[in-house]
Structures are given as structure tokens and as C-alpha cells.
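In: Show me how the following folds:
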Amino acid sequence: MPTDEPDPPINPVVSAVLGLFAAPRLNMREDYRRVRLVQRLAAGPTGRFHTLDQSIRATDGHEIPVRVFLPKQRTHDDVLVFFHGGGWVVGNIDSYTPACAALADATGRLVLSVDYRLAPEHPFPHGFEDCLRVTDVLARSPQTLDLDDAGGITLIGDSAGGNLAAAVSLRLAERGCPMPSRQILLYPATWYDHDPLTSPYESVRTYGSGLRLTSTELHDYMALYQPDPEARRTPLIAPLLASDLSGQPSTLVVTAELDLLRDEGEAYAQRLQEAGTFVRLERLPGALHGFMTLPRFARPVVRLHELVNEFLDETDHAPRVTEHRSVP
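Out: Prediction:
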């Protein structure tokens, strides 16, 4: 559980072991194409999963690919709309297919994964607009997914995808559009500054080097997503900057203990709670950034699926915005 106690320094031996699981150090501004190629080669065939590929037409006419994952046994009628991670620059529905299939099987729900446009070819707001468009179409026409109303939709995303889910909810509320009933934010990016010298969050300084995601890599991702540093100071990139967080969906925030994004994700949960939103916040001990993409039998993934099911069950019949609730 999150606490207000400062993090103890990482034991050098533990740090060395964790370093074995760190991603290779890359210059993302130069190597993102190489990373995409490796992801495509590693994705493998999708035939062993129960999927259906479709697309949703954007307002400018381009097609937004989506992949629907059917669980082995569907036990619930609602749908999880998923936005993948990858710093808004890498990742796609293929690289996240095993994770989405595992999520569908674990929850007994349809999972719809969105293949939004990536930076730097399509910098902000293009990827965000794709996610917003898919959500809005589904919310306004829930019969597309055999739903009675938008309340049967839960937004879920990890890392940059968690950022996109939060941003979509903010924009829908701002416009008075039909809202998903819930959002699940997994180790989300919610702030614009990840420089250890200037960030207000201690986890950036404690875990911003030598682990799964570094502050340098995140800075590169941000620069590719929105090249103008001043323009990053918008709630659609840094949701913590939102002045009004009222009317947001019931929210589950799951953070990883050993992750530089941990503190800002937990700060966003606190802000939502203060605005009157039903919030559940969980920190996974010993977990690294990106744990959702581990094999489905890995301990952090098993625990994640338990938390998602608990949250979906406890909010299944709850109103979208509830009374003030303390964040654990």
C-alpha cells in the first residue's frame, strides 16, 4: 500500500539484479523504428487467440484499427476499451495481444484494443484523438458492442495508455459527452516533467535510472509526442494539471513500487478522490514499470487481474460518481 514514508535506498545487490530486467539503453529519438521492428518480429502469430479485427472511421476519414478479444468464457456483458503503452511512440495491438487476451480470459469480458496513431509521425493530439474518437463512437452507439448504454464501457490503459485513458475521460466530461462508467489506469503518466532535478516526485529521483523505464527515455518519448516543452503543460498530456476533476468515472489506479511514474500516478488518484470520485489505489510491491506485459502466470499479472476483477465487481452496480472515499 502507498505510504507517506520516504523510500529507502535500493540495496546495491538488489539494484544489480533488477538491472538484469531493465530494457536495453536506447536513444528513443533515433531508435524507435528499430524498437517497432523488434516488437513486430516478437509479436508472433495471433491465431491462437480468439480475436476479431475491425476498424472505426475517424472524422477525417482515416480508419482506426481495433481488435476485439473474446474471452474463453464470457461471464459479463460490459466491455474493456484498452489503450496500449509504449510512450505514445512504440507498441501496437499485436505487441499487446497476449496481455489483452489474458485480460479478457481473466475478467470474462470483451477487451477492445485500439491501434491509435503513433508519434513522431503523428504527434499529439493525433493518437489522443483516435482514442477519443473510438470511445465516443462506442459511447454514443453502445449497441455496436451489444451494450445498453455507455455505462457498460470501462477505459483501461497502461503507462502512456493510462495517460490517454485519463485524457479521454477529461475531454468527454468537459464536452458533456456520454461517459464510460469506469477507468483503470495502470502506472499512468500524469505529469509533464520527469527531470530528476526539477520533478516534484521523489520516485523519479529514486527509480529514474537503471530500471525498466528511465527518466531519459521518458523525456525522449515526451519530446517525440509533443516537441514543444511549453505545450506539454496541458491536462491532455499532464492530467494532474486539470483544474476540474469532477464528473470523472470510478477509477482504479495501479502503480508499480519500483517505477519512476509511481508517485504521479498516486497523486492523480488522490486528486480524483478529492474531487469526489470513487477511487481505489493499489501499489504492487516489488513490481517494475510495464508489468502488465509479463506472462499471464507471473505474480504481478495474476495480482493485477485480481485487482481488476475486484474493482469491476465492487463498482458493477455503483453510480458513476459516488460519495467521497478514502484512497488506501
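In: what about the stretch 201-328 of the chain, any weak spots by pLDDT?
Out: Within the stretch 201-328 of the chain, the segments meeting pLDDT under 70 span 317-328.
In: can you map out the helices along it?
Out: For the stretch 201-328 of the chain, helices defined by DSSP state H, counting those that start in this stretch occupy the ranges 202-207, 215-225, 262-274, 299-314.
In: how about the ones you listed, which one is nearest Ala139?
Out: Among the helices of the stretch 201-328 of the chain, the nearest to Ala139 by C-beta to C-beta is helix 299-314 (17.8 Å). Heads up, the C-betas are built off the backbone N, CA and C, glycines and all.
In: And the closest one, how far out from the chain middle?
Out: Between the centre of helix 299-314 and the centre of its chain there are 15 Å (C-alpha atoms, centre = their mean, to the nearest Å).
In: what's it packed up against?
Out: In terms of contacts (3 or more C-beta pairs under 8 Å, 6 or more residues apart in numbering; DSSP states H and E), helix 299-314 is packed against helix 97-107, strand 182-186, strand 250-258, strand 279-288.
In: contact partners of that helix?
Out: By C-beta atoms under 8 Å, 6 or more residues apart in numbering, the residues outside helix 299-314 that reach it are 76, 78, 102-103, 106-107, 109, 154, 156, 182, 184, 186, 252, 254, 256, 280, 282, 284, 287, 291-292, 294-296.
In: Pull out the buried residues from it.
Out: Neighbour-count burial for helix 299-314 flags 300-301, 303-305, 307-308, 311-312 (criterion: 16 or more other C-beta atoms under 10 Å).
In: ditto for stretch 228-235
Out: For stretch 228-235, by 16+ other C-beta under 10 Å, it's 232, 234-235.
In: Please list the residues outside that stretch that contact it.
Out: 124, 167, 170, 192, 222, 226, 237-238, 241-243.
In: which one of the residues you listed has the most neighbours?
Out: In terms of neighbours by other C-beta atoms under 10 Å, the contacts of stretch 228-235 top out with Ala167 at 27 neighbours.
In: For Ser199, identify the helix or strand it belongs to.
Out: Of the helices and strands defined by DSSP states H and E, none includes Ser199.
In: how many other residues sit next to it?
Out: 19.
In: What separation do you get for the residue lying closest to Thr75 once chain neighbours are set aside and Gln183?
Out: Among residues not flanking Thr75 along the chain, Gly108 sits closest, at 3.3 Å (C-beta to C-beta, 6 or more residues apart in numbering). Note on Gly108: its distance to Gln183, by C-beta to C-beta, to the nearest Å, is 19 Å.
In: Neighbour count for those two, which is higher?
Out: Neighbour count, other C-beta under 10 Å: between Gly108 and Gln183, Gln183 has more, with 26 against 16.
In: Give the full set of residues in contact with that one.
Out: For Gln183, the contacting residues are 154-156, 165-166, 169, 248-252, by C-beta under 8 Å, 6+ apart.
In: Also Asp105?
Out: Each residue near Asp105 by C-beta under 8 Å, 6+ apart is listed here: 71-73, 296.
In: Quick check: of those residues, which lies closest to Leu37?
Out: Among the contacts of Asp105, Arg296 lies closest to Leu37 (C-beta to C-beta), at 25.2 Å.
In: Buried residues, stretch 206-216. List them.
Out: Buried-residue list, stretch 206-216, by 16+ other C-beta under 10 Å: 206-209, 211-216.
In: returning to what we had before: for the contacts of stretch 228-235, give me a markdown table that also has distance to Leu41.
Out: Shown next, in a markdown table, are the contacts of stretch 228-235 (distance: C-beta to C-beta, whole Å):
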| residue | distance to Leu41 |
| --- | --- |
| Phe124 | 28 |
| Ala167 | 31 |
| Leu170 | 36 |
| Tyr192 | 33 |
| Met222 | 27 |
| Gln226 | 29 |
| Ile237 | 31 |
| Ala238 | 34 |
| Leu241 | 38 |
| Ala242 | 39 |
| Ser243 | 44 |
